[in-house]
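**Q** Structure for the following, please:
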Amino acid sequence: MTFRLRYAAISDVGRVRKDNQDSGYVGPWMLAVCDGVGGAARGDLASATAIGQLRKLDARPSSSASDDMKSQVAGALHRANDRIAELVDDDPTLSGTSTTATMALFDGEKLTFGHVGDSRAYLFRDGEIRQVTKDHTFVQSLIDEGRITEEESRTHPHRNLILKAIDGVHDIDADLFDLEIQRGDRLLFCSDGASGVLDDGRLADVLSMGTPDYAAVELVRASLEAGTTDNVTCVVADIVDEDELPGDQQPMLVGAAADLKRRPHLPTMPHLFRGHRAGDTGELEPVRAEIPDVPFAIETDPVDPEEARYAPRPPRRFLLARRVLAGVAVVGVAWILGAAAYSWSQQQFYVGDHDGTVTIFRGVDADIPGISLSQPYETTNVTLARLSDYDASTVREGIDADSLEDAQDAVRRLAANQSIDDAVDATTEATATPTDTATPSPTDSTSATP
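**A** The predicted model follows:
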């Protein structure tokens, strides 16, 4: 027995941002949500381009074989990647743009998923909800390692960092898998604007109510009320019998894919919840809400929490040329710094010993193996042998000088000290050593004899 999809889709920019980076699509045989990343690099264009390629798959598969359906899904993702690469080649300012993608191809009995990034797909069955995709994020890796919990991941400072995306540069490494379905199942595909602020319990509460259209609208409303800082896109689909389908059901295109398709011929339709609560696409600079009936100005954190949302490796295009230019730049900077250092050193002087002679050196009194930082500039006639031990030791250690004149003054002082020592030595040599003199011998006195 085969089933059909009864579905609805909605995407909202929120109240703070001026552009929607999300795109969504749902049709009789396919569901998809893409969340663009890139800000100034046009994440909206990336998500819209990806949806434009993925939606071409919306036809009943000619073969229900699992491998065949997975090949179709993988092929659609690769075509989206190739198309984004073409856009970047045509317009280098788009370099860095990328998008997540969560999609599924339906054959009436099962869904074949293709998943890259942190948009999510959920299955709501018999009152219980289950996430069927796994986030390609940094915080998910921490959860897998047991370092943080799911609840802690919602407030982790790096919760917005995704590790995989469709960027036109890297090969697609998508998760591909099948999901068996049954009548009464409800599916939810959403961007992280919803899943990032609504836990499983809240999602289940909303999905348990009403039609797919009602559930999609309420999910967006609940996300904005919970204070989401991103665009919100939700696709909801029920598994039903064919006779339960509404007669006028048509494929739905929402978000940036729909907005870009309308421009510039038709004005962008107003967003349902603009001005409802503070929102944040996470990619573009915030704008102040222009809502006359709101009595306060909307302010957002100047640091965009998703400014570094996707951290891909640098594009490989012209990689060799970039490395060569980087090497040339490094060499140039090193040469400039070296020239500046050498010029400075040639303005320095000090007094030192050169072969036992007091000498004025030009340069820096320092040693670097294999490099001479100074050379003799003026040789004097003052020798260390004729200096006092103290003066000789200071010369051997080097006497710093602020200028050439300062160094010459130091030499004069040493010469003066040498002259004083020489004068002392000369005086000492000129002084005669005292010698013994003859002492008259006493004469015998003669006594007169009376």
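
**Q** Remind me what the helix or strand hosting Gly327 packs against, helices and strands.
**A** For Gly327, the host element (DSSP states H and E) is helix 319-345. With contacts defined as 3 or more C-beta pairs under 8 Å, 6 or more residues apart in numbering; DSSP states H and E, helix 319-345 has no helix or strand neighbours. In short, each C-beta sits where N, CA and C put it, glycine included.

**Q** wait, what's in contact with the closest residue to Met69 other than its chain neighbours?
**A** Closest residue to Met69 apart from its sequence neighbours, by C-beta to C-beta, 6 or more residues apart in numbering: Thr112 at 3.9 Å. When contacts are counted by C-beta atoms under 8 Å, 6 or more residues apart in numbering, Thr112 touches Ser66, Met69, Lys70, Gln72, Val73, Ala104, Leu105, Leu176, Phe177, Asp178, Leu179.

**Q** Counting only helices, which of these make the cut?
**A** Those of the contacts of Thr112 mapping onto helices are Ser66, Met69, Lys70, Gln72, Val73, per DSSP state H.

**Q** give me every residue that touches the third one.
**A** Just to be clear, that refers to Lys70. Thr112, Leu176, Asp178.

**Q** The fourth one now?
**A** Going by C-beta under 8 Å, 6+ apart, Gln72 touches Leu57, Pro61, Leu105, Thr112.

**Q** And the buried ones among those, selectable in PyMOL?
**A** To isolate the buried ones among the contacts of Gln72 in PyMOL, judged by 16 or more other C-beta atoms under 10 Å, type:
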select buried, resi 57+61+105+112
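
**Q** Which residue ranges of the stretch 101-250 of the chain form helices?
**A** Ranges of helices within the stretch 101-250 of the chain are 138-144, 150-153, 192-195, 200-207, 212-225, based on DSSP state H, counting those that start in this stretch.

**Q** export those to TSV and tack on mean pLDDT?
**A** Output for these, formatted as TSV (pLDDT from 0 to 100):
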stretch	mean pLDDT
helix 138-144	93
helix 150-153	87
helix 192-195	94
helix 200-207	97
helix 212-225	97
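
**Q** lowest average confidence, helix or strand, in the protein?
**A** Lowest by mean pLDDT, DSSP states H and E among the helices and strands of the chain is helix 404-430, with a mean of 72.

**Q** Now do the nearest residue to Arg186 once chain neighbours are set aside against Tyr214, distance only.
**A** Computed as C-beta to C-beta, 6+ apart, the closest residue to Arg186 that is not its neighbour in sequence is Phe124, at 4.2 Å. For Phe124, the distance to Tyr214 (C-beta to C-beta, to the nearest Å) stands at 14 Å.

**Q** now Pro376
**A** In terms of C-beta to C-beta, Pro376 sits 93 Å off from Tyr214.

**Q** What backbone torsions are found at the closest residue to His136 other than its chain neighbours?
**A** In this structure, His136 finds its nearest non-sequential neighbour in Lys164, 3.9 Å apart by C-beta to C-beta, 6+ apart. When quoted as degrees, to the nearest 10, the phi and psi of Lys164 stand at phi -140, psi 140.

**Q** all helices in the stretch 251-400 of the chain, in order from the N-terminus.
**A** Going by DSSP H, counting those that start in this stretch, the stretch 251-400 of the chain shows helices at 256-262, 319-345, 389-397.

**Q** which residues touch Gly127?
**A** With C-beta under 8 Å, 6+ apart, Gly127 has these contacts: Ala204, Ser208.

**Q** how about 10 Å then?
**A** Ala204, Leu207, Ser208 (C-beta atoms under 10 Å, 6 or more residues apart in numbering).

**Q** which among those gets closest to Gly117?
**A** Gly117 lies nearest to Leu207 out of these, by C-beta to C-beta, at 21.9 Å.

**Q** re the thing from before, most tightly packed of the helices of the stretch 251-400 of the chain?
**A** For the helices of the stretch 251-400 of the chain, the largest average neighbour count (mean count of other C-beta atoms under 10 Å) is found in helix 256-262, namely a mean of 21.

**Q** Show me what the residue nearest to Ala104 when sequence neighbours are not counted bridges to in the sheet.
**A** Nearest residue to Ala104, sequence neighbours excluded (C-beta to C-beta, 6+ apart): Leu111, at 4.2 Å. Residues in a beta bridge with Leu111, per DSSP bridges, are Phe106, Leu179.

**Q** Tell me if I'm right that Val395 and Leu387 touch.
**A** Yes: using C-beta atoms under 10 Å, Val395 makes contact with Leu387 at a distance of 7.0 Å.

**Q** any residues in contact with both of these two?
**A** Common neighbours of Val395 and Leu387 (C-beta under 10 Å, 6+ apart) are Val358, Leu414.

**Q** Which residues does the closest residue to Gln408 other than its chain neighbours form beta bridges with?
**A** Distances taken as C-beta to C-beta, 6+ apart place Ile360 nearest to Gln408, at 6.9 Å, with adjacent residues excluded. Beta bridges link Ile360 to Val351, Glu378 when assigned by DSSP bridges.

**Q** Ile360: how many residues sit nearby?
**A** Per other C-beta atoms under 10 Å, the neighbour tally for Ile360 reads 21.

**Q** before we move on, what about Val382?
**A** Val382 has 22 neighbours, counted by other C-beta under 10 Å.

**Q** Does it touch Gln408 like I think?
**A** No: Val382 sits out of contact with Gln408 when judged by C-beta under 10 Å, with a separation of 11.7 Å.

**Q** Common neighbours of the two, please.
**A** Val351.

**Q** still on that earlier bit, okay, the contacts of Thr112 in JSON lines with distance to Asp12 next?
**A** JSON lines is the format used below for the contacts of Thr112 (distance: C-beta to C-beta, whole Å):
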{"residue": "Ser66", "distance to Asp12": "35"}
{"residue": "Met69", "distance to Asp12": "31"}
{"residue": "Lys70", "distance to Asp12": "32"}
{"residue": "Gln72", "distance to Asp12": "31"}
{"residue": "Val73", "distance to Asp12": "27"}
{"residue": "Ala104", "distance to Asp12": "22"}
{"residue": "Leu105", "distance to Asp12": "26"}
{"residue": "Leu176", "distance to Asp12": "30"}
{"residue": "Phe177", "distance to Asp12": "29"}
{"residue": "Asp178", "distance to Asp12": "31"}
{"residue": "Leu179", "distance to Asp12": "27"}
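
**Q** Put together a markdown table for these, with pLDDT and distance to Ala32 on each row.
**A** A markdown table is the format used below for the contacts of Thr112 (pLDDT from 0 to 100; distance: C-beta to C-beta, whole Å):
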| residue | pLDDT | distance to Ala32 |
| --- | --- | --- |
| Ser66 | 87 | 19 |
| Met69 | 96 | 15 |
| Lys70 | 97 | 16 |
| Gln72 | 97 | 13 |
| Val73 | 97 | 10 |
| Ala104 | 98 | 8 |
| Leu105 | 98 | 10 |
| Leu176 | 98 | 14 |
| Phe177 | 98 | 16 |
| Asp178 | 97 | 17 |
| Leu179 | 97 | 15 |
